[in-house]
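Peer 1: give me coordinates for this.
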Amino acid sequence: MFVKLAICTTLLFAAFPGAAPAEEINPVVGKSADYILRATDLERLVAAQPAEIQKRFQDDPEQRVNLVRQLMTQKAVAARARKEGFDRKPDFKEQLGHVIDDFMTREYLTKVVAASVTVPEDDLKKYYKENESKFLIPEQVKIRHIFVEAPKDMKEEEKRKALQKIETLQQRLKKGEDFAKVAQDASEDAESAKRGGELGTISPGGTSAEEFEKAAFALKAGEVSGVVTTPYGYHIIKVDERKEKRTATLAEASDYIRKKLQNEYEAKKMQEFVEQVSKEAGVEVFADRITGKKEEGQGNDKQK
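Peer 2: Numbers count the residues shown, from 1 in each chain. Down below sits the predicted model:
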């Protein structure tokens with residue numbers, strides 16, 4: 001299956017360190033006995049792809065290399081098929097025609113018919129006003145933790161030692177030691193320990209441990225919990241910042257609303273266009289002949 005992506009010539013140069021832009025403006029990025037792929041060939045092929053696909057390939061040079069490899073393999077197989085006359089088989093030509101029609105239809109609808117669709121600012125405001133309740137941001141807490149592992153299946157003696165350890169760490173905090181420093185020194189959550197125990201911001205329902213979440217949301221900003229027991233072990237939690245629930249502003253919600261309305265308006269315009277063209281072309285579908293059933297009210301489906 002062909003993978004969609006987009007990439008600029010500058011990024012292609014970055015992906016192939018041996019290329020010297022000053023000496024070779026359009027370097028070869030892949031070749032075989034039958035085909036040469038240059039930077040501009042690849043650029044033309046992928047430049048029209050969606051922005052999120054472009055970003056994926058911009059961020060990961062290895063994916064660009066994999067795409068070139070995939071494209072060259074595809075070209076090699078296709079060249080062999082042509083040499084054997086596979087492309088001249090009647091059934092292949094028929095299927096190819098369907099593929100071309102399908103691709104052309106999708107491209108025309110999205111890049112010509114829907115290209116002029118815009119979302120007026122008044123529509124953004126109207127949608128926000130009518131759906132303000134949808135933009136409620138729940139309360140959030142930015143937290144750190146110190147963790148000592150003690151899963152359910154741990155032996156009781158080991159659990160006792162784990163509890164002693166977390167209680168010792170708690171005493172260090174009570175004596176005034178910095179939470180982040182203690183987390184770095186002793187937390188058994190290796191990833192968060194590197195960041196001084198920082199876990200980021202969570203919302204209700206954002207963790208898999210109910211006990212942990214309940215303790216975190218019970219704290220005020222700057223407060224530190226006692227020892228919290230979860231199925232994973234023992235935690236001490238600190239809330240760095242607390243944000244109460246609120247409604248997102250229009251400015252905060254505008255990108256989401258614009259994208260939603262843009263998609264809806266484009267779909268509506270394309271549907272109207274399809275119906276119009278089908279009517280002009282006299283499109284009819286004889287459902288009873290396809291299904292073999294003749295039901296009351298069922299006959300041919302004609303665009304009106």
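
Peer 1: using CSV, write down the CA coordinates of stretch 138-152.
Peer 2: Presented in CSV, the C-alpha positions along stretch 138-152 are these (Å, rounded to 0.1, in the frame of the first residue of the first chain):
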residue,chain,number,x,y,z
PRO,A,138,-12.0,19.7,34.3
GLU,A,139,-9.9,20.5,37.3
GLN,A,140,-6.3,19.6,36.9
VAL,A,141,-3.3,19.1,39.1
LYS,A,142,0.4,19.1,38.2
ILE,A,143,2.1,16.5,40.4
ARG,A,144,5.3,14.8,41.4
HIS,A,145,5.6,11.6,43.3
ILE,A,146,8.2,9.4,45.1
PHE,A,147,7.5,5.7,44.5
VAL,A,148,8.6,2.5,46.1
GLU,A,149,7.5,-0.7,44.3
ALA,A,150,5.4,-3.2,46.2
PRO,A,151,3.0,-5.0,43.9
LYS,A,152,0.3,-7.3,45.2
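
Peer 1: buried stuff in it?
Peer 2: 140-148, 150 (16 or more other Cβ atoms under 10 Å). Bear in mind the C-beta positions are built from the backbone N, C-alpha and C, glycine included.

Peer 1: cool, stretch 56-68 as well?
Peer 2: For stretch 56-68, by 16+ other Cβ under 10 Å, it's 56-58, 64, 67-68.

Peer 1: now render those residues as a markdown table, adding secondary structure.
Peer 2: Conversion of these to a markdown table gives the following (DSSP: H, G, I helix; E, B strand; the rest coil):
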| residue | secondary structure |
| --- | --- |
| Arg56 | helix |
| Phe57 | helix |
| Gln58 | helix |
| Arg64 | helix |
| Leu67 | helix |
| Val68 | helix |
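
Peer 1: tell me where this structure has helices.
Peer 2: 9-15, 39-46, 51-59, 61-83, 90-108, 121-130, 156-174, 179-186, 190-193, 210-217, 250-280, 287-291 (DSSP state H).

Peer 1: chain center to the fourth one, what's the gap?
Peer 2: Looking back up the chat, that one is helix 61-83. In terms of Cα atoms, centre = their mean, to the nearest Å, the centre of helix 61-83 is found 26 Å from the chain centre.

Peer 1: ok, now the last one?
Peer 2: On the basis of Cα atoms, centre = their mean, helix 287-291 sits 41 Å off its chain's mean C-alpha point.

Peer 1: which strands or helices does that helix pack on?
Peer 2: Packing partners of helix 287-291 (3 or more Cβ pairs under 8 Å, 6 or more residues apart in numbering; DSSP states H and E): strand 300-302.

Peer 1: looking at the helices of the chain, spot the one closest to Lys243.
Peer 2: Proximity to Lys243 (Cβ to Cβ) singles out helix 210-217 among the helices of the chain, at 11.4 Å.

Peer 1: may I have the closest one as CSV, with CA atoms only?
Peer 2: Extracted C-alpha coordinates of helix 210-217, given in CSV (Å, rounded to 0.1, in the frame of the first residue of the first chain):
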residue,chain,number,x,y,z
GLU,A,210,-8.1,5.4,42.0
GLU,A,211,-6.3,5.7,45.4
PHE,A,212,-3.5,7.7,43.8
GLU,A,213,-5.9,10.1,42.0
LYS,A,214,-8.1,10.6,45.1
ALA,A,215,-5.1,11.6,47.2
ALA,A,216,-3.7,13.9,44.5
PHE,A,217,-6.9,15.9,44.1
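
Peer 1: possible to save the helices of the chain as CSV with mean pLDDT and distance to Ala115?
Peer 2: Conversion of the helices of the chain to CSV gives the following (pLDDT from 0 to 100; distance: least, Cβ to Cβ, whole Å):
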stretch, mean pLDDT, distance to Ala115
helix 9-15, 40, 25
helix 39-46, 80, 19
helix 51-59, 78, 15
helix 61-83, 89, 26
helix 90-108, 93, 10
helix 121-130, 98, 18
helix 156-174, 97, 60
helix 179-186, 98, 52
helix 190-193, 96, 45
helix 210-217, 96, 46
helix 250-280, 97, 9
helix 287-291, 88, 33
